[in-house]
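Asks: For reference, the sequence and a predicted model appear below.
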Amino acid sequence: MPCLAKNSEWLPCNAAPMKGEDYCYIHNPHVPENEKKLAQSLGWKSSPVVVKNTLIENASDVANLLSDTLNRVRTWEISVSVANSIGYLSNQFLKAKEVSEYQDKLDHIHRAIT
Ligand SMILES: [Zn+2]
């Protein structure tokens, strides 16, 4: 069920509500106004909550990070722009990891033939 609030034009907000709440981040009366203003001044439409601080070391960690990010976007805990950054960096990480693994294999072959 979407946020129960109405927007400035008195139409239903339709944003996803925060986890366990009836309202999205912007309309949630439990979110302090100064926190909302800070988030909006940063250009965010949702709370500047940081994704769990998990060290990303392999593709499985990236999968868990993306799953966590997806769910936090759906509940407006993090902004779409933050999620997009996480997605972009995750993709770059996986590419770098793949190149690194190829380099390790090439080094192994080089050592074997010399
Ligand atoms: Zn709303």
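Replies: Noted; the coordinates are in hand.
Asks: For whichever strand or helix holds E98, list every residue counted as buried.
Replies: Using DSSP states H and E, E98 falls within helix 80-113. Within helix 80-113, the residues that count as buried by 16 or more other CB atoms under 10 Å are 82-83, 86-87, 90, 93. Placement of C-beta: from N, CA and C, glycine included.
Asks: what's the spacing between I113 and S100?
Replies: 21 Å (CB to CB, to the nearest Å).
Asks: Revised request: answer the last question for A63.
Replies: Between A63 and S100 the distance is 18 Å, computed by CB to CB.
Asks: Same question for E77.
Replies: Applying CB to CB to E77 and S100 gives a distance of 32 Å.
Asks: residues near W10, how many?
Replies: For W10, the neighbour count with other CB atoms under 10 Å is 6.
Asks: Please read the previous query as pertaining to N7.
Replies: Close neighbours of N7, defined as other CB under 10 Å, add up to 13.
Asks: Setting the sequence-adjacent residues aside, check what's closest to P17.
Replies: Distance criterion CB to CB, 6 or more residues apart in numbering; nearest residue to P17, sequence neighbours excluded, is C3 at 5.1 Å.
Asks: Hmm, that neighbour is touching Y25, no?
Replies: No: assessed by CB atoms under 8 Å, C3 is found out of contact with Y25, at 9.0 Å.
Asks: Overlap of the contact sets of these two?
Replies: Here C3 and Y25 share the contacting residues A15, scored by CB atoms under 8 Å, 6 or more residues apart in numbering.
Asks: Next up, the contacts around the closest residue to S90 other than its chain neighbours.
Replies: Setting aside the residues directly before and after it, S90 is nearest to V62 in space (CB to CB, 6+ apart), at 4.8 Å. Taking CB under 8 Å, 6+ apart, we find V62 in contact with 56, 90, 93-94.
Asks: Spell out which helix or strand contains V62, please.
Replies: Taking DSSP H and E as the criterion, V62 maps to helix 59-74.
Asks: Check E57 too.
Replies: E57 belongs to no helix or strand, assigned by DSSP H and E.
Asks: That one - how many residues pack around it?
Replies: Neighbour count of E57, defined by other CB under 10 Å: 10.
Asks: Pull up the gap between G87 and A63, please.
Replies: In this view, G87 and A63 are 12 Å apart by CB to CB.
Asks: Please consider this matter closed, and thank you.
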